[in-house]
Every structure is written in structure tokens, then in C-alpha cells.
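Chemist: pasted the sequence and its predicted model underneath.
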Amino acid sequence: MAKLRLEITKLESAASKLRAIAHPMRIAIIELLNNGNKMSVTEIYKKLNIEQASASHHLNILKNKGVLESKRDGKKIFYSLKSQTLREIIDCINRCNDE
């Protein structure tokens, strides 16, 4: 029974991450970070041509759900993808869009 409970916990965690990813702007952020890139909030919002507050909001959601990690360097915080698996999910999404 304990094994089943663990699997449900893993599934719930995966579903939570997928819900966090399931937004066009968050997918765009993940795309920017997909090749191992580390970017600051400023770089991200300028690249996506959105407001800084909007970028920060989406980054916060992705970080809280374990999709992104952040590292402070002086006054700047740099974001990157937390897992290779997420890169594979994005690659899969891109392949689906090609069909």
C-alpha cells in the first residue's frame, strides 16, 4: 500500500508541474532556458517583450512548482531549468507542434 501512495504523490507532483507549465508565457520562458541558458528577469522580460512584473509573476510560479531554480549573483537573480526531464517535455511539445 505504501508503494501505491508514493506513486500517487509522484503523479500529483507531476500534474502540479504540468499545470504550472500549461501557460503560453511560461512555455516561452522555458523555451528561453531550454538549452541550459541562465537568464535574469531583465533578460527574460526584454526578450519576450513583456512587463517586468509579468515576467516575475510567471517565474515565481515556475520556481515554486519546482520547474525552475534560481541563483543570486550580486543584485541579479538568474533562472535556469531545474531538470533535464523538463527539457525533454519541451522537446516533445515542439515535436507535437511540427505535425
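Modeler: Nice, I can see it.
Chemist: wait, isn't I90 in contact with E31?
Modeler: Yes. Between I90 and E31 there is a contact under C-beta atoms under 8 Å: 6.5 Å. In this view, the C-beta of every residue, glycine as well, is placed from N, C-alpha and C.
Chemist: those two: which is more packed in?
Modeler: I90 (17 against 14; other C-beta atoms under 10 Å).
Chemist: could you give the average pLDDT over the host helix or strand of the more buried one?
Modeler: Here I90 is covered by helix 84-98, with elements defined by DSSP states H and E. What helix 84-98 shows for mean pLDDT is 72.
Chemist: which strands or helices does that helix pack on?
Modeler: Applying 3 or more C-beta pairs under 8 Å, 6 or more residues apart in numbering; DSSP states H and E, one finds that helix 84-98 contacts helix 2-21, helix 24-33.
Chemist: any idea which of those helices is most buried?
Modeler: helix 24-33 (a mean of 17; mean count of other C-beta atoms under 10 Å).
Chemist: next, the angle helix 84-98 makes with it.
Modeler: 110 degrees (axes from the mean of the first three to the mean of the last three C-alpha atoms, to 10 degrees).
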